[in-house]
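>>> coords please:
(one chain, ligands or ions: 1)
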Amino acid sequence: MKICCIGAGYVGGPTMAMIAHKCADHTVTVVDLNQSRIDAWNSDTLPIYEPGLDAVVREARGKNLFFSTDVDTAIHEAEMIFISVNTPTKTYGVGAGRAADLRFIEKCARKIAEVSQGDKIVVEKSTLPVRTAESVKRILQANSKGRKFQILSNPEFLAEGTAIADLQNPDRVLIGGEQSPDGLLAIQKLVDVYANWVPREQIITTNLWSSELSKLTANAFLAQRISSINAISALCEATEANVDEVATAIGTDSRIGPKFLKSSVGFGGSCFQKDILNLVYLCQHFGLPEVANYWEGVITMNDYQKHRFARRVISTLFNTVSDKRIAVLGFAFKKDTNDTRESAAIYICEDLIKEHANLAIYDPKVTEVQIRQDLNVSVENPHVSVCEDAYTATEGAHAVLILTEWDEFKTLDYQRIYDQMQMPAFLFDGRNLLDLEALNRIGFEASGIGQG
Ligand code: NAI
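Numbering: from 1, shown residues only. Predicted structure coming up:
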């Protein structure tokens, strides 16, 4: 089968690379309008960093995996077309700041309708508001000219930083489709693709709307766990309880489970906030204000956590960070990715820049260009410097902030860092990554999140 995927981003690229890697009989072409992104996919420096991705791409590229900007040809030739374009929060008009912006999805649907000559199975891989398949279907059917289109929903559950492991060994694959003979046939075609490496019992099939809604719900539940433990971290700080101890204690309850209970500076990434806002908007649209308010609390708590951290830094540094060098270690929204979208680091840095701090930022995978773009500061801006390593960033600093849980931060020579800092040397571990007692023995005034 020929498969096409529109959108060569964090989802389209790795997902299609895995399908090509596992299904030698299928040819997969990933297309994007962004020429430089496609060039990067075809080069030795892939546009995204994911452990294990290089090897999977290298193995399949040029054999049954192709990256191209020729969208029309790929659609024309494919029997199955994945839509994996971005669905950001709308910034204009009705629903601004909440609703999903579906213009890229609609453009894809119209392009498929325009270019297709035969029947197609169209797979929604992007995360979409429940009932989007209805709109996609109407656009396709209104332009069908006798061709048949089946729409499937196949949301992606990979997490950045572990994308390859997640794709290789997913907890489940979810496929939603129309419960008609043609719909069930289309579902089966996609089941057959995944069944090349995913055990059949882990491939869940549902109707379209359950599938679409399950993705938003999964992200809302995951983000809610983080906001819940972060809410408790604030109470820990007020009461000398320790949030890591509380997390361990509750996580051993098999009904709760130990995962996703790590307190931090707040969640980031392109999905959680966007998808919850989208859920909130949907609930409001369907006249369910209580449900909307319930989920909106998850975002409110996350915002609180990010700003609370910045406020604590300022108050601990004698209520002023003006002209003080502050080393920021970590800028990506989590370890093992170069993605900074909605990273908590952006908000914390912004709060500190407003207080005229001088930030020295280091991240192992995020480029200077990206950091400056996220903070909206040019190279001339005296308040932001981007450093080559953690030791340069911490030279002469009044405080060190750990904002991403990169493994390499665990093994830095903290004595060396301490020796080159201003005294008192403060360290704020926003990820509860380090041994605070060991740091305090060196002489640091070190604190974590929710550590009493
Ligand atoms: P991305 O922004 O990295 O990639 C989207 C790509 O689509 C871009 O390269 C863009 O140029 C391309 N594109 C947009 N319109 C196009 C068009 N009309 N024709 C051709 N290409 C077009 O986005 P990402 O992170 O891959 O996310 C895609 C979808 O997957 C979103 O709906 C997101 O919510 C969802 N998702 C993302 C996850 C993640 O970890 N990033 C995980 C699970 C789902």
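
>>> near the ligand, which residues of the stretch 201-350 of the chain?
With the criterion set to CB under 6 Å from any ligand atom, the stretch 201-350 of the chain comes near the ligand through Ser270, Cys271. (C-beta placed from N, C-alpha, C; glycine too.)

>>> can you give me phi and psi for Leu359?
Backbone torsions of Leu359, given as degrees, to the nearest 10, read phi -90, psi 140.

>>> OK, contacts around it?
Residues in contact with Leu359 (CB atoms under 8 Å, 6 or more residues apart in numbering) are Arg325, Ile326, Val328, Cys349, Leu352, Ile353, His383, Val384, Ser385.

>>> where's the last one, which helix or strand?
The secondary structure element spanning Ser385 is strand 384-386 (assigned by DSSP states H and E).

>>> hey, where'd the strands end up in the protein?
Remark: strands assigned in the chain by DSSP state E are 2-6, 27-31, 65-68, 80-83, 120-124, 149-153, 173-177, 203-206, 325-329, 358-362, 384-386, 399-402, 426-429, 445-447.

>>> Just want the angle from the second one to strand 2-6.
The one in question is strand 27-31. Counting by axes from the mean of the first three to the mean of the last three CA atoms, to 10 degrees, strand 27-31 points 20 degrees away from the direction of strand 2-6.

>>> Show me what strand 27-31 packs onto, helices and strands only.
Applying 3 or more CB pairs under 8 Å, 6 or more residues apart in numbering; DSSP states H and E, one finds that strand 27-31 contacts strand 2-6, helix 12-22, strand 65-68, helix 71-77.

>>> Among these, which comes closest to the ligand?
strand 2-6 (4.8 Å; CB to the nearest ligand atom).

>>> what is the rounded mean pLDDT of that closest one?
What strand 2-6 shows for mean pLDDT is 98.

>>> same deal with stretch 118-131?
On average, stretch 118-131 scores 96.

>>> Next, the buried residues of that stretch.
Under the neighbour-count criterion of 16 or more other CB atoms under 10 Å, stretch 118-131 has Lys120, Ile121, Val122, Val123, Glu124, Lys125, Ser126, Thr127, Leu128, Pro129, Val130 buried.

>>> Just put the residues you listed in CSV and tack on distance to Ala142.
Shown next, in CSV, are these (distance: CB to CB, whole Å):
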residue, distance to Ala142
Lys120, 15
Ile121, 18
Val122, 14
Val123, 20
Glu124, 18
Lys125, 23
Ser126, 21
Thr127, 25
Leu128, 19
Pro129, 20
Val130, 21
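
>>> what about the longest helix in this structure?
helix 208-239 (DSSP state H).

>>> Quick one: list the elements packing against that one.
Using 3+ CB pairs under 8 Å, 6+ apart, helix 208-239 is in contact with helix 132-142, strand 149-153, strand 173-177, helix 243-251, helix 272-285, helix 289-316.

>>> Turn these into CSV, including mean neighbour count.
Below are the helices and strands packed on helix 208-239 laid out as CSV (neighbours: other CB atoms under 10 Å):
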stretch, mean neighbour count
helix 132-142, 17
strand 149-153, 24
strand 173-177, 24
helix 243-251, 17
helix 272-285, 22
helix 289-316, 17
